[in-house]
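[1] sequence plus the predicted model coming up.
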Amino acid sequence: MAKRLKAPLTDDEVQSLRAGDEILIDGCLYAARDAAHKRMMAALEQGQILPFDPAGQIIYYVGPCPAPPGKVIGSAGPTTSGRMDAYTPALLERGLKAMIGKGDRSREVIAAMQKYGAVYLAAVGGAGVYLAQRIVAAAPLAYPDLGPEALLRLQVESFPCVVAIDAHGNNIYEQVRLKLGSPANKEEQDDKEQ
Amino acid sequence: MREIYYEQIKAAVKQCVLKANLELPEDIEAALRVAWAGEDSERARGLLQIMLDNAEMARQQRMAICQDTGLVAVTISIGQDVHIVGGDINEAVNAGIREGYQEGWFRKSVVTDPLERVNSGDNTPAVIHYELAAGDHFIITVLPKGAGSENMGQLTMLKPAQGWEGVRDFVVKVVKEAGGNACPPVIVGVGIGGNMEMASYLAKKALLRPINRRHNKPRLAQLEQELLKMVNRLGLGPQGLGGATTALAVNIESYPTHIACLPVAVSLGCHATRRSSCEL
């Protein structure tokens, strides 16, 4: 049974999540990818405020397709999170509680997630239409000149994710790499024995 | 001398990019169904089901399968007896992409300069390859490839002494390092031989072959099967979150090489590898 989450997230909620939990998100997400992150970092370096307060919020790493007529948004699946690793600790320090993307995160990001209390959620990469159906509203928030990389505020309903890395350092990608309890591990063992 | 018109090329490219981005190739959809049936893990099955549902929704609703509608790699096989009339062939290809991406409401994902990084606004230019040969044929193939998988490709120049074992270890390493980034279950394109750029070209070309067709050389067909088994033993599974299906297929292409060379390139295609072809 999937747990339901809605931003702003509390520390208790974040701490209670475990890698492998299935999640359905309702409410607000901030859509930002490479170029928007770069701008936000530049703003922080210059002592300016960010276009939104990250405290308690969720960032979705996405650069959607343009909305076709009659649709709220175009195809909108997650992008590779690793490209945002360099920017993420600074946002976690300012209270960001969750990120949605695909693929593993760096050691530094995982350490910062433990330090500040945050989770990393995996959405299904390449399922852009499926996930767009769960987005009920989309509004530009900042950096419109970045086109598909502009910062957006999204409203979602039952947006499906899996907790890939929790606030305690448990990481599904790592578990899978180390083949903990995977049937593939058994097969390899069998081969070695032969 | 056969004449082919600028407008014909433009229209064909436009149709190809629309079809590729909206309709998942049948061979890939079929392989995803087989993968679904072969997974024991509930999570892996759930993820594969979402991928299958997504492909269906994209086709029905005419929305891009994936928001990363890619940098378009275009291969044009052209006979030497063909004469292009009415304009620049490169411009015809880019005009087709421009119109297709506008009409399809696809994302514009190309920056005009790799360091300045300003979006070109119309998803052009494409990366265009020409294959010139005898005859009067004209075949356009498009591969709009997303960056999640493209960024995970690698090239190595092995020593000939490393042989098949060296190739095999490199391919498995690349898939493992890609993890969930390349959107597994992936299609593994492997280019062996030629020189540095030829190996990369072959790896990309390997992704164009339907995945239910093995190489026509029995030896390479056997190696494709062997590599697929090894890659799937990694257990990365759908989205790198664990499971039996890390890859749907391994496609190898090879070419003669130098006595001192063994170039190997791997290009990964995601579970939504999009391709379309059209013959004029």
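    Noted; the coordinates are in hand.
[2] all contacts plus neighbour counts: C-alpha atoms, from now on.
    Will do.
[3] phi first, then psi, for residue 158.
    Since no chain was named, I'll use chain A. phi 50, psi 50 (degrees, to the nearest 10).
[4] can you tell me which residues contact it?
    A:4, A:24-26, A:134 (Cα atoms under 8 Å, 6 or more residues apart in numbering or on different chains).
[5] all helices for chain B, in order.
    B:6-22, B:26-38, B:42-61, B:89-103, B:147-150, B:163-178, B:196-206, B:218-232 (DSSP state H).
[6] out of those helices, nearest to residue B:275?
    Closest to residue B:275 of those, according to Cα to Cα: helix B:6-22, at 5.0 Å.
[7] pull the residues that contact that closest one.
    B:58-59, B:62-66, B:69, B:84-89, B:92-101, B:104, B:140-144, B:274-278, B:280.
[8] average pLDDT across stretch A:150-164?
    Mean per-residue pLDDT for stretch A:150-164: 97.
[9] where in chain A is pLDDT low?
    A:180-194 (pLDDT under 70).
[10] hmm, try it at 80
    Residues of chain A meeting the criterion pLDDT under 80: A:1, A:179-194.
[11] who in it is up against chain B?
    A:63-68, A:74-77, A:79-80, A:102-104, A:124-130, A:146-148, A:164, A:172-173, A:176-177, A:179, A:182-185, A:187-188 (Cα under 8 Å from any Cα of the partner chain).
[12] and these, which are buried?
    A:63-68, A:74-77, A:79-80, A:102-104, A:124-130, A:147-148, A:164, A:172-173, A:176-177, A:179, A:182-185 (16 or more other Cα atoms under 10 Å in any protein chain shown).
[13] which stretches of chain A form strands?
    A:3-6, A:22-31, A:58-60, A:98-101, A:119-122, A:135-142, A:151-165 (DSSP state E).
[14] got CSV for those strands, with distance to residue B:171 too?
    Listed next are those as CSV, based on distance: least, Cα to Cα, whole Å:
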stretch, distance to residue B:171
strand A:3-6, 38
strand A:22-31, 32
strand A:58-60, 31
strand A:98-101, 25
strand A:119-122, 26
strand A:135-142, 38
strand A:151-165, 26
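[15] so which residues on the stretch 151-280 of chain B come close to chain A?
    Going by Cα under 8 Å from any Cα, the residues of the stretch 151-280 of chain B near chain A are B:179-181, B:183, B:232-236, B:239-244, B:270-272.
[16] tell me where chain A has helices.
    Using DSSP H, helices in chain A cover A:11-16, A:34-45, A:88-93, A:107-116, A:128-132, A:172-177, A:183-193.
[17] pick the most deeply packed of those helices.
    Comparing the helices of chain A by mean neighbour count (mean count of other Cα atoms under 10 Å in any protein chain shown), helix A:128-132 comes out on top with a mean of 26.
[18] what's that helix packed up against?
    helix B:42-61 (3 or more Cα pairs under 8 Å, 6 or more residues apart in numbering or on different chains; DSSP states H and E).
[19] what inclination does the helix it packs on have with respect to strand A:22-31?
    Calculated by axes from the mean of the first three to the mean of the last three Cα atoms, to 10 degrees, helix B:42-61 forms an angle of 50 degrees with strand A:22-31.
[20] can you give me the buried ones in helix B:42-61?
    Buried residues in helix B:42-61 (16+ other Cα under 10 Å): B:43-45, B:47-52, B:54-59.
[21] among those, which two are most distant?
    Pairwise over the buried residues of helix B:42-61, using Cα to Cα, the maximum falls at B:43 and B:59, 24.8 Å.
[22] run a quick neighbour tally on the residue nearest to residue B:109 when sequence neighbours are not counted.
    With sequence-adjacent residues excluded and distances taken as Cα to Cα, 6 or more residues apart in numbering or on different chains, residue B:109 is closest to residue B:123, at 5.7 Å. Neighbour count of residue B:123, defined by other Cα atoms under 10 Å in any protein chain shown: 25.
[23] how much space between residue B:123 and chain A?
    For residue B:123, the distance to chain A equals 11 Å [Cα to the nearest Cα, to the nearest Å].
[24] contacting residues for that residue?
    B:71, B:97-98, B:101, B:107-110.
[25] also residue A:43?
    Neighbours of residue A:43 in contact, by Cα under 8 Å, 6+ apart: A:49-50.
[26] can you rerun that using 10 Å?
    A:37, A:49-51 (Cα atoms under 10 Å, 6 or more residues apart in numbering or on different chains).
[27] got it, and residue B:83?
    With Cα under 10 Å, 6+ apart, residue B:83 has these contacts: B:1-5, B:136.
[28] give me the pLDDT for residue B:1.
    For residue B:1, the predicted pLDDT is 88.
[29] export the helices of chain A to TSV and tack on distance to residue B:17?
    Listed next are the helices of chain A as TSV, based on distance: least, Cα to Cα, whole Å:
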stretch	distance to residue B:17
helix A:11-16	42
helix A:34-45	25
helix A:88-93	35
helix A:107-116	37
helix A:128-132	17
helix A:172-177	34
helix A:183-193	38
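[30] out of these, which is closest to residue B:255?
    helix A:183-193 (32.1 Å).
[31] since we're on the residue nearest to residue B:139 when sequence neighbours are not counted, how many residues are nearby?
    Among residues not flanking residue B:139 along the chain, residue B:279 sits closest, at 4.3 Å (Cα to Cα, 6+ apart). By other Cα under 10 Å, the residues close to residue B:279 number 12.
[32] distance of residue B:279 relative to chain A?
    In terms of Cα to the nearest Cα, residue B:279 sits 28 Å off from chain A.
[33] ok, now residue B:167?
    Taken as Cα to the nearest Cα, the span from residue B:167 to chain A is 20 Å.
[34] can you name the residues that contact that residue?
    Taking Cα under 10 Å, 6+ apart, one finds B:156-158, B:173, B:190-192, B:227, B:262-266 in contact with residue B:167.
[35] and the most centrally placed residue in chain A, bridged to which residues?
    The centroid of chain A falls nearest to residue A:100 when counting by Cα atoms, centre = their mean (1.3 Å). Beta-bridge partners recorded for residue A:100 (DSSP bridges): residue A:60, residue A:121.
[36] what sits closest to the most centrally placed residue in chain B if chain neighbours are left out?
    Centroid-nearest residue in chain B: residue B:207, 4.1 Å away (criterion: Cα atoms, centre = their mean). Take residue B:207 and drop its neighbours on the chain: the residue closest to it by Cα to Cα, 6+ apart is residue B:189, 5.2 Å away.
[37] with that, I have no additional questions.
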